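Undergrad: whatever this is, show me its structure:
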Amino acid sequence: MITITPIAEEKIRDLMKEEKDVVGLRIYVRGGGCHGYQYGMAFESKTADDDTIIEKGDVKVIMDSQSAPLLQGTEVDYVDSLQGSGFAIKNPQAKTTCGCGSSFSA
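TA: Numbers count the residues shown, from 1 in each chain. Okay, the predicted model is just below:
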């Protein structure tokens, strides 16, 4: 469903160690942004029955039932550059994206 690069997996694992009672990283899509949809991420302490859970080693990525279809085929990477560092989402379903990369249209 989605791919997590080794560097993103390592960064998620490191960040999870700093949080309490975390079971995984939720990646979601919601309406908004300049192109209709906007990505979001948050650490979760629980999952819902209809969540899709992807496990890579000891890292769990959680998606709700509405976000999972929009994230099909997505790659999650972690980028550290002169412009800044953070998670980068490469979604093959995104027809257009905004300059900041956090908003897209499908």
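Undergrad: please report how far Gly31 lies from Gln66.
TA: Gly31 is 10 Å from Gln66, where distance means CB to CB, to the nearest Å. In short, each C-beta sits where N, CA and C put it, glycine included.
Undergrad: more neighbours: which of these two?
TA: Legend: neighbour count by other CB atoms under 10 Å for Gly31 and Gln66, higher for Gln66 (11 against 7).
Undergrad: pretty sure the more buried one sits in a helix.
TA: No. Per DSSP: H, G, I helix; E, B strand; the rest coil, Gln66 lies outside any helix segment and is coil.
Undergrad: in this protein, which spans are helices?
TA: Secondary structure of the chain (DSSP state H): helices at 6-18.
Undergrad: where are the low-confidence patches of this protein?
TA: 32-35, 95-106 (pLDDT under 70).
Undergrad: bridging residues for the spatially most central residue of it?
TA: Centroid check for the chain by CA atoms, centre = their mean gives Ile27 as the closest residue, at 3.6 Å. Residues in a beta bridge with Ile27, per DSSP bridges, are Met41.
Undergrad: list the contacts of it.
TA: For Ile27, the contact set (CB atoms under 8 Å, 6 or more residues apart in numbering) comprises Ile2, Tyr39, Gly40, Met41, Val61, Ile62, Met63, Ser67, Leu71, Thr74, Val76, Ile89.
Undergrad: any figure for the gap between the residue of the chain positioned farthest from its centre and Gln72?
TA: In the chain, the residue that sits farthest from the middle, by CA atoms, centre = their mean, is Leu82; the gap is 21.9 Å. With the distance defined as CB to CB, Leu82 ends up 32 Å from Gln72.
Undergrad: what about Gly84, neighbour count?
TA: 7.
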